[in-house]
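**Student:** With the input below, show me the fold.
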Amino acid sequence: MLFNDLFREAYRTELVKGTDEPEYLPAGGPNRPARVVFAHGYYASALHEISHWCIAGGHRRTLHDYGYWYCPDGRTPQQQQAFEQVEVKPQAIEWLFSLASGSRFHISVDNLSGGGAANEERFRRNVRAQAGEFLERGLPARAQAFFDALATFYGTGEILRERWHEDARRIAPLYSESGHLQEN
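**Tutor:** As a prediction, the model looks like this:
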């Protein structure tokens, strides 16, 4: 409802529940909006797919799945490393959307049968650093509008900073060079 209220008219895009796989479908004609399809009605899937839409440029929003290469679960270490590089920003935005909506965020390396993350600790640190930067400097315009709408709707604005610090320690604790846990 929030996504569609914000973006259906201005961007001719709507968020819809799908089945197995999430995907982005560009507008199918002058009277047919683009669709951000999330999997099985899962809230986390919706937030993740919205995060991709929020950073896709105008040209990419004319392409199926924004024109990105996607290799399914079972990726080689090299494919997984490439996947992790392009997933930092969307997962950082999804994390902030989760905070704003009061839901629990989980990092996803999306490679269960392929041996997991190329370097999970590094990926977690990179997502944490990107989310922190977005929180301090602001999100891309569409992401900021949705983040603000979520925080207003769920009434989380007053506790966002506190929740960020708690979540950051849970998701990606920082360690000193000596291996000791650091605060912040």
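
**Student:** quick check: longest helix of the chain.
**Tutor:** Determined from DSSP state H, the single longest helix within the chain is helix 77-101.

**Student:** tell me the mean pLDDT over that one?
**Tutor:** Averaging pLDDT along helix 77-101 gives 86.

**Student:** Can you point out the buried residues in the helix or strand following that helix?
**Tutor:** The element immediately downstream of helix 77-101 (helix or strand, assigned by DSSP states H and E) is helix 120-137. Neighbour-count burial for helix 120-137 flags Phe123, Arg124, Arg125, Asn126, Val127, Arg128, Gln130, Ala131, Gly132, Phe134, Leu135 (criterion: 16 or more other CB atoms under 10 Å). C-betas here are computed from N, CA, C, even on glycine.

**Student:** Isn't Leu135 up against Trp164?
**Tutor:** Yes: checked against CB atoms under 8 Å, the pair Leu135 and Trp164 is within contact range at 6.1 Å.

**Student:** what's the residue closest to the geometric middle of this protein?
**Tutor:** With the centre of the chain defined as its mean C-alpha position, the nearest residue by CA atoms, centre = their mean is Glu94, 3.0 Å away.

**Student:** so what's it up against?
**Tutor:** With contact taken as CB atoms under 8 Å, 6 or more residues apart in numbering, Glu94 is in contact with Ala44, Leu47, His48, Ile50, Ser51, Phe105.

**Student:** For those, pick the one with the most neighbours.
**Tutor:** With neighbours taken as other CB atoms under 10 Å, the top of the contacts of Glu94 is Ser51, carrying 27 neighbours.

**Student:** can you state the direction angle for the host helix or strand of it and helix 77-101?
**Tutor:** Under the criterion of DSSP H and E, Ser51 resides in helix 43-55. Angle of helix 43-55 versus helix 77-101, following axes from the mean of the first three to the mean of the last three CA atoms, to 10 degrees, is 100 degrees.

**Student:** now for helix 43-55, which elements pack on it?
**Tutor:** If contacts are counted by 3 or more CB pairs under 8 Å, 6 or more residues apart in numbering; DSSP states H and E, helix 43-55 sits against strand 13-17, strand 23-25, strand 34-38, helix 77-101, helix 141-154.

**Student:** quick one: Phe147 from Arg161, how far?
**Tutor:** Distance, Phe147 to Arg161, by CB to CB, to the nearest Å: 14 Å.

**Student:** Apologies, that question was intended for Asp5.
**Tutor:** 26 Å.

**Student:** Where does the prediction get shaky in this protein?
**Tutor:** Along the chain, segments meeting pLDDT under 70 span 69-75, 80, 109-118, 174-184.

**Student:** one more time with 90
**Tutor:** For the chain, the stretches flagged by pLDDT under 90 are 19-22, 28-31, 40-41, 65-87, 106-125, 157, 161, 169-184.
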